[in-house]
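Engineer: with the input below, show me the fold.
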Amino acid sequence: MKTLLALVLVLSLAGTSWASVKLTNKDSDSHDILIKCSSTTDSSVGGTSTRDIGTGPCTVTVKSSGSSATAQDGESLVIQGGNVSKQ
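Structural biologist: Numbering: from 1, shown residues only. Got it, this is the predicted structure:
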């Protein structure tokens, strides 16, 4: 029984990382962003990088352009040309 519970826990944690919202910055420049998932965080994303930002729904706003987009668990957002959109 303990083995079954441990297996269920491992699988649920693995599913959690898959379900997070991903943010990809295709620009060569970094951007200051505002991330709002279950809480709001000021952050930045480096040029040509990808990162998990949290469990959705999550809204990302690029501070320099005011552009924003929202994604659910398992979806991705992309910054290109200083604007963010759902991929």
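Engineer: so which helix or strand takes in the residue nearest the centre of the chain?
Structural biologist: Centroid-nearest residue in the chain, with CA atoms, centre = their mean: Ile53, separated by 3.0 Å. Assigned by DSSP states H and E, Ile53 belongs to strand 49-55.
Engineer: other SSEs contacting that strand?
Structural biologist: Judged by 3 or more CB pairs under 8 Å, 6 or more residues apart in numbering; DSSP states H and E, strand 49-55 is in contact with helix 2-19, strand 20-25. In short, each C-beta sits where N, CA and C put it, glycine included.
Engineer: would you mind identifying the next helix or strand past the last one?
Structural biologist: Just to be clear, that refers to strand 20-25. Downstream of strand 20-25 (by DSSP H and E), the next one is strand 31-36.
Engineer: which neighbouring elements make contact with that next one?
Structural biologist: strand 40-45, strand 58-62.
Engineer: dump the ones you listed into JSON lines; add distance to Thr24 as well.
Structural biologist: Formatted as JSON lines, the helices and strands packed on strand 31-36 follow (distance: least, CB to CB, whole Å):
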{"stretch": "strand 40-45", "distance to Thr24": "9"}
{"stretch": "strand 58-62", "distance to Thr24": "11"}
